[in-house]
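Student: A structural model of the following input is requested.
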Amino acid sequence: MSGKEEVLQGTVQRPLMRIHEVLGACMSILQETLSREKLAALLLFSLAGSLLPAIVVYVNKWIIDAAEGFSRQEISIEDVLWCIALYAATGLMLAGITNVRDRFAAVYFSCVADQLQENIMRKSSRIRLAYYDDIAYRNKVSFSSNDLPLRLRELIVSCVVLVQDILTILSLLATVLAINSWVALLVLLGFLPMVWVILQQGRANFRFMQEIFAQDNQRYYLHTVTYRRKHLENMRYYGLRQFVEDKWEGISRELNQKRSRITIKFFRLRLLANGVLYLSVGIGIVLVLSDILKGKDSIGSIALILTAITSLTGRVTVFFERLGILEENGQYVESYRELMSFEDEIPGTRPLAQDIEIRFEHVSFTYPCSDREVLHDLNLTIRQGERIAVVGENGSGKSTFVSLLSGFYPIAQGRIMVNGVPLQECLEDFREKTSCLHQFSESYIMTVRENIEIGDTKREISRQELEELGRKVGVDSFIGTLENGYDTLIGNLSNNNTFDLSGGQRQKMFLARALARRNARLLILDEPTSALDPMSEAELYRNFSELAGDRTCILISHRLGATKLANRILVFRDGQIIEEGTHDSLIAQNGYYKQMYAAQAQWYR
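Tutor: Okay, here's the model as predicted:
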């Protein structure tokens, strides 16, 4: 499932947050990410901008009244010019405040987005790894880096604008109320059907998104199939283009028909609601005209009401549409707050001696969100300088053994001791003294040099040392063919660079990365030769003693020929160590290890 689909699955089907909760959470985020001075300035300009439209409407009335009075020679031309000047000044002030507010908002909300991105990056890299094994938690993290900060920024902007819209609507209603209270009441009642239709449409759209969730995910997936690199060979080889396009078009046609039915339904309802609104406005204008004929009001009042109603119609419609969007997108705020509440991994800081001894004492382990015990009652001692090979069939617990040794998961049953200290209490120093080539190591969109140097970021690796590492693990066999040698960029980061290393070349680079940590006393190699060709694998085995040095070395491999390099072999099966010894002693036992070794050896005879 794609990142987009996982996010949708974790969010669209979640109950809506209440609007007051969303508003409160957004304001709380604003307080966390903006200084009091910036927040006060933003609110001040928003407040001023919300009141000025009502003032402009009222000044319109004064100008028309002044023009009428001047035509009857009741006021002088100077009074008319003063009204026009006031109108121009108010308009300029509104434009100026709006411009300054927008500039402040652009800068401030960029700061908010950056701060949110930083918060998410920091939190995602610190939370316990166990969270990533639960899809509900993983969704909240996997969505994070690109989509969430932008969504939160938009929500916060919407919250600020909503507050401003409320003040503007109230101030415009107040101007109408000042002319005629009955007209204000009619206008308010006239808006109620429109408000109901807008809210119903928002909820209908939300239910629609829930109903089409699976189909929309399938359509999105079919779209990605046409351009994702891993699908392109099959697309061309099997002639799948038309097949995929037909399926995509069929789903799109069905979704568009459903969407059209909703659109037509609410188009009709909006027409009716608009009819009610303008009927009430018309009745209000009749009331004002009656007052004018009785000499109780001026002609400018009609202009005020018409201008206010036009402005109100746009404001109220946008306000409730934005309210619906705010309600729908409230899950992003909820996700952010949940993500920030996740428990961090806090490695213990007790220092360790230079040499380390590791003991597994009755360790059993079950992954979060699973009932299957992966390791059972594991007892093991690993002494400094030992070379240990870990073998077993898929799913026997080998990689879990490495994960627990790396301190990635808390252990509920049993314990791991390092020099007599629980692993979690000395985890920071233990990791400093450990280097690991994981089974699924990743290359980064950086240069070859940087991909190796990140193995030890606390020191500067010289060019001479880098080249020596490359010679030991075979990076030198291909580095000369690269355009910029060790400074060649790997991957594609919007610069039209499509170069990448082969699987075997990457594995050599990963091994150099693992060996770059000079002070490591423990070297963990999980399937270090899985992508190497036979000649490179043989070369690595020949140089193994030089590479390992005096480090403790734990080698996990399906290729049992590598076990001859080890002082001790651990045979895993169903989460337990069922056999232990040297290669020769295990062959002599005529047990499970010999069966695995014989099964592989027959293909090399």
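
Student: list the buried ones in stretch 452-461?
Tutor: If you call a residue buried by 16 or more other C-beta atoms under 10 Å, then stretch 452-461 has these buried ones: 452-453, 455-456, 461. Placement of C-beta: from N, CA and C, glycine included.

Student: Then stretch 528-541?
Tutor: For stretch 528-541, burial by neighbour count (16+ other C-beta under 10 Å) applies to 528-529, 531-532, 536-537, 539-541.

Student: Identify the farthest-apart pair in the residues you listed.
Tutor: Spatial extent of these (C-beta to C-beta) is set by the pair 531 and 541 at 15.3 Å.

Student: Could you look up the SS state of residue 364?
Tutor: strand (DSSP: H, G, I helix; E, B strand; the rest coil).

Student: Secondary structure element for residue 67, which one?
Tutor: Using DSSP states H and E, residue 67 falls within helix 36-71.

Student: I misspoke; the intended subject was residue 554.
Tutor: Counting by DSSP H and E, residue 554 is found in strand 552-556.

Student: In the following helix or strand past that strand, which residues are buried?
Tutor: Next helix or strand after strand 552-556 toward the C-terminus (DSSP H and E): strand 568-573. For strand 568-573, a neighbour-count test (16+ other C-beta under 10 Å) marks 568-573 as buried.

Student: do you know how far the residue nearest to residue 321 when sequence neighbours are not counted is from residue 486?
Tutor: Leaving aside its sequence neighbours, residue 321 sits nearest to residue 198 (C-beta to C-beta, 6 or more residues apart in numbering; 5.9 Å). Per C-beta to C-beta, to the nearest Å, residue 198 is found 61 Å from residue 486.

Student: neighbour count winner among these two?
Tutor: Neighbours around residue 198 and residue 486, counted as other C-beta atoms under 10 Å, are more numerous at residue 198. The numbers are 22 against 19.

Student: burial of residue 598, as a residue count?
Tutor: The burial count for residue 598: 11, using other C-beta under 10 Å.

Student: For the remainder of this discussion, apply numbering that starts at 46.
Tutor: With 46 as the first residue, the last one maps to residue 643.

Student: Okay, it and residue 637: tell me how far apart.
Tutor: Applying C-beta to C-beta to residue 643 and residue 637 gives a distance of 11 Å.

Student: just to revisit the earlier point, residues in contact with the strand holding residue 599?
Tutor: For strand 597-601, contacts defined as C-beta atoms under 8 Å, 6 or more residues apart in numbering pick out 401, 403, 427-436, 443-444, 447, 450, 484, 566-573, 607-608, 610-611.

Student: The residues you listed in strands, which ones?
Tutor: 403, 427, 432-436, 567-571 (DSSP state E).

Student: Among those residues, which one sits closest to residue 349?
Tutor: Checking the ones in strands among the contacts of strand 597-601 one by one against residue 349 (C-beta to C-beta), the nearest turns out to be residue 571, at 76.7 Å.

Student: Look up which residues are beta-bridged to the closest one.
Tutor: When assigned by DSSP bridges, residue 571 has beta-bridge partners residue 601.

Student: per-residue confidence for it?
Tutor: Per-residue confidence (pLDDT) for residue 571: 86.

Student: residues near residue 508, how many?
Tutor: 9.

Student: Tell me the spacing between it and residue 531.
Tutor: When distance is defined by C-beta to C-beta, residue 508 is 8 Å away from residue 531.

Student: Please, where are all the helices along the stretch 496-645 of the chain?
Tutor: Using DSSP state H, counting those that start in this stretch, the helices of the stretch 496-645 of the chain run over 508-518, 521-524, 548-560, 579-587, 589-593, 628-634, 637-646.

Student: Dump the ones you listed to JSON lines, plus distance to residue 116.
Tutor: JSON lines is the format used below for those (distance: least, C-beta to C-beta, whole Å):
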{"stretch": "helix 508-518", "distance to residue 116": "89"}
{"stretch": "helix 521-524", "distance to residue 116": "90"}
{"stretch": "helix 548-560", "distance to residue 116": "86"}
{"stretch": "helix 579-587", "distance to residue 116": "98"}
{"stretch": "helix 589-593", "distance to residue 116": "100"}
{"stretch": "helix 628-634", "distance to residue 116": "112"}
{"stretch": "helix 637-646", "distance to residue 116": "106"}
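
Student: which stretch among the ones you listed comes nearest residue 103?
Tutor: helix 548-560 (70.6 Å).

Student: what mean pLDDT does the closest one have?
Tutor: Across helix 548-560, the per-residue pLDDT values average to 89.

Student: what's the answer for stretch 476-488, then?
Tutor: Mean pLDDT, stretch 476-488: 85.

Student: just stretch 221-234 next, same as before
Tutor: Rounded mean pLDDT across stretch 221-234 is 82.

Student: Equivalent analysis for stretch 105-113, please.
Tutor: Average pLDDT, stretch 105-113: 76.

Student: buried sites along it?
Tutor: 105-111.

Student: what does stretch 451-470 give?
Tutor: For stretch 451-470, a neighbour-count test (16+ other C-beta under 10 Å) marks 451-452, 454, 456, 459, 461-464, 466, 468-469 as buried.

Student: Can you tell me which of the residues you listed is closest to residue 320?
Tutor: residue 454 (64.1 Å).

Student: phi, psi of that closest one?
Tutor: For residue 454, the backbone dihedrals (degrees, to the nearest 10) come out as phi -130, psi 140.

Student: separation between it and residue 71?
Tutor: When residue 454 is compared with residue 71 (using C-beta to C-beta), they lie 35 Å apart.

Student: now residue 523
Tutor: Distance, residue 523 to residue 71, by C-beta to C-beta: 52 Å.

Student: Give me the more crowded residue out of the two.
Tutor: Per other C-beta under 10 Å, whichever of residue 523 and residue 71 has more neighbours is residue 71, with 21 against 16.

Student: okay, now residue 378: neighbour count?
Tutor: Residue 378 is flanked by 25 other residues according to other C-beta under 10 Å.

Student: Report pLDDT for it.
Tutor: In this model, residue 378 carries a pLDDT of 74.

Student: Look at the nearest residue to it once chain neighbours are set aside and say how many residues are nearby.
Tutor: Leaving aside its chain neighbours, residue 378 sits nearest to residue 70 (4.4 Å; criterion: C-beta to C-beta, 6+ apart). Counted with other C-beta under 10 Å, the neighbours of residue 70 add up to 21.

Student: Repeat that for the one 10 residues further on.
Tutor: Other residues lying near residue 80 total 11 when counted by other C-beta under 10 Å.

Student: Fine by me, thanks again.
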